[in-house]
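1. Pasted the sequence and its predicted model underneath.
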Amino acid sequence: MAADVAQEIRFTRVGAHSVAFATAGSGPPLLVPGAWIGHLELDWALPQLPEFVSGLARTHTVIRYDRLGIGLSDRDVEPDDRLGSARELATIRAILTQLSIDEPVDVLGVSAGGATAVTLAATEPGRVRRMALYGVCVNGSAVAPPELREALVATVRAHWGVGSRALADVWLPDAAPALREAFATLQRAAATPESAAAGLQAIYDTDLTDTLAGVRAPAIVLHRRHDRAVPFSQGRDLAALLPDARLVALEGAMHPPWLEDYGAVLREVAGFLAPEAAAAPAPAPVPVPESTDDTLSAREREVLRLVAEGLNDGEIAERLIVSPHTVHRHVANIRAKLRQPSRAAAAAHAARHGMI
C-alpha cells in the first residue's frame, strides 16, 4: 500500500509560542497526541509511517502535532512550558479551535502520547468520543530498573548520538541497521539533547494509576507481546484499570505501530472507531525497497554516512581531512540530488533506501 494522502502542515499559537500540526484525510477528527519526540516533516520519510497514516485517514481526518520544544514547533521554550499535561491540553485546545472542531473527537494515543490521551479523556470527557491506546505505559517506573533509567537519561543528555542509537535499538529491535540509524537520525534532528533527556525522564515519571479511574470514554488497548520499550504487562494493566476497555494482544516486538504488521493495528483501530470500515481489507506490511539510485558519488555517500552518525560539518571535515567548506558543499549537493529539505532528511532518506 502506498501513501494515498498528503499531509498539510500548519501552525497555531499556544501562549507566546507556535505549535506545528498536520492534518491528513477527511471525515470525523482523529487526534493523535504528540509523541515524546517527533518531527512532522522528517518523519514522513520514515518507512511505512505515511502508509499507516493513510490507513487511518480512510475513515478520519488525522490530526498530529509536534509538542512545544520538539520538531517544527518552537524550540526555544522553557522546560516548564514544553512539558506537563496542562501544556499538552492547552495545545490540543488551540489546534481544535483553529480547525473549528467543537464536537467530541476520537483519540489515538501512541506510546508517550497515550498519557496525554488518558489525561484529556479524564479531565475533559466531553472532548473524547472513543479512545484507542497503543504501546502505552501506566507507570513509567515499571518500564526498566532505576539504574537503567538513570543511565539512559544521562546518556541521552551527555551523548545524544549514542543515546539515540540506544533508544532505536530498544524500540526497533527487529529493524535493519539502516532503519535504526534513520530513526536515530530523526530523533537527533527533532530535539536537543536536553529536551530529549527531559522528555524521557517525564516518561519514566508517568503514573496514570489515579487518572485512569476518571476516564468515561470506551477504549481499546493494543500492545505487542514482545515490546521491549514498554513491556506487555503495562498494556494489560492499562486495560484492567480503565473502566471500559478491552485488550488486544498483537504479535511482534517493534514499538512504533507503523512498523511490522501495521495492518493488524489498523484493523483493530478501524473496527473500534469506525466499525463500518472494518470489513475493508487492511494493507499488508510494505517492505522497504533497496535503492538503485547511483547519483551520489563515493565521497558524497561517505559524507552522508557521517551526517547520519550525527557529526557536524567541522567534525566530518576533521574525520575526512578536508575543509568544513568542502563538507558544506558536499552536503548541499547531496540535498539537491536527493531533493531533501535538510541534512537530517537526506540522511533518513538515504538510510531508508539502502544508499548508506
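-> Thanks, I have the structure now. Residues are numbered from 1 along each chain as shown.

2. now the end-to-end length of stretch 217-237.
-> 17 Å (C-alpha to C-alpha, to the nearest Å).

3. Now do the buried residues in it.
-> 217, 219-224, 227-232, 234-235, 237 (16 or more other C-beta atoms under 10 Å). C-beta coordinates here come from the backbone N, C-alpha and C atoms, glycine included.

4. Also stretch 28-47?
-> Residues of stretch 28-47 classed as buried: 29-47 (neighbour count, 16+ other C-beta under 10 Å).

5. Can you flag which of the residues you listed belong to strands?
-> Among these, the members falling in strands (DSSP state E) are Pro29, Leu30, Leu31, Val32.

6. which ones are touching the first one?
-> When you say that, I think you mean Pro29. His60, Thr61, Ile63, Leu96, Leu99, Ile101, Glu103, Val105, Asp106 (C-beta atoms under 8 Å, 6 or more residues apart in numbering).

7. Grab the nearest non-local neighbour of the third one.
-> Leaving aside its chain neighbours, Ile63 sits nearest to Leu31 (5.0 Å; criterion: C-beta to C-beta, 6 or more residues apart in numbering).

8. Equivalent analysis for the fourth one, please.
-> Closest residue in space to Leu96, ignoring its immediate chain neighbours: Val105 at 7.1 Å, by C-beta to C-beta, 6+ apart.

9. Surely that neighbour is in contact with Ala132?
-> No: at 11.9 Å, Val105 does not count as touching Ala132 under the criterion of C-beta atoms under 8 Å.

10. Looking at the two, which is more packed in?
-> Ala132 (26 against 22; other C-beta atoms under 10 Å).

11. Surely the more buried one is in a strand?
-> Yes: the assignment for Ala132 (DSSP: H, G, I helix; E, B strand; the rest coil) places it in a strand.

12. May I have whichever strand or helix holds Val53 as CSV, with CA atoms only?
-> Assigned by DSSP states H and E, Val53 belongs to helix 49-56. Extracted as CSV, the C-alpha positions of helix 49-56 are listed here (Å, rounded to 0.1, in the frame of the first residue of the first chain):
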residue,chain,number,x,y,z
LEU,A,49,4.6,5.8,8.5
PRO,A,50,2.8,7.7,5.6
GLU,A,51,1.1,4.4,4.7
PHE,A,52,0.0,4.0,8.3
VAL,A,53,-1.4,7.5,8.5
SER,A,54,-3.1,6.9,5.1
GLY,A,55,-4.8,3.8,6.6
LEU,A,56,-6.2,5.9,9.5
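
13. need the helix or strand of this structure with the lowest average pLDDT.
-> helix 79-82 (a mean of 57; mean pLDDT, DSSP states H and E).

14. And the very next helix or strand once past it, what does it pack against?
-> With elements assigned by DSSP H and E, the helix or strand that comes after helix 79-82 is helix 85-98. Helix 85-98 sits against strand 8-14, strand 17-25, strand 29-32, strand 61-65, helix 113-123, with contacts defined as 3 or more C-beta pairs under 8 Å, 6 or more residues apart in numbering; DSSP states H and E.

15. Just want the angle from helix 85-98 to strand 61-65.
-> 140 degrees (axes from the mean of the first three to the mean of the last three C-alpha atoms, to 10 degrees).

16. Buried residues in helix 85-98, which are they?
-> Those would be Arg87, Glu88, Leu89, Ala90, Thr91, Ile92, Ala94, Ile95, Leu96, for helix 85-98 by 16+ other C-beta under 10 Å.

17. Strand 17-25 and that helix, what's the angle between them?
-> Using the same axes, to 10 degrees: helix 85-98 against strand 17-25 is 60 degrees.

18. helices or strands up against the following helix or strand past helix 85-98?
-> Next in sequence after helix 85-98, counting helices and strands by DSSP H and E, comes strand 105-110. The elements that strand 105-110 packs onto, with contact taken as 3+ C-beta pairs under 8 Å, 6+ apart, are strand 29-32, helix 113-123, strand 128-134.

19. Of the ones you listed, which is nearest Leu152?
-> Closest of the helices and strands packed on strand 105-110 to Leu152 is helix 113-123, at 18.4 Å (criterion: C-beta to C-beta).

20. now the angle between strand 128-134 and that closest one, please.
-> Using the same axes, to 10 degrees: helix 113-123 against strand 128-134 is 150 degrees.

21. Quick one: list the elements packing against helix 113-123.
-> By 3+ C-beta pairs under 8 Å, 6+ apart, helix 113-123 packs against helix 85-98, strand 105-110, strand 128-134, helix 209-212.

22. Indicate which one of the ones you listed is closest to Leu320.
-> With distances scored as C-beta to C-beta, the stretch of the helices and strands packed on helix 113-123 nearest to Leu320 is strand 105-110 (39.1 Å).

23. Parallel or antiparallel, which strands does that closest one pair with?
-> If you go by DSSP bridges, strand 105-110 pairs up with strand 29-32 (parallel), strand 128-134 (parallel).

24. returning to that earlier point: let's have the ones in strands among the buried residues of stretch 28-47 in a markdown table, adding distance to Ala350 and pLDDT.
-> Listed next are these as a markdown table, based on distance: C-beta to C-beta, whole Å; pLDDT from 0 to 100:
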| residue | distance to Ala350 | pLDDT |
| --- | --- | --- |
| Pro29 | 35 | 97 |
| Leu30 | 32 | 98 |
| Leu31 | 33 | 98 |
| Val32 | 27 | 98 |
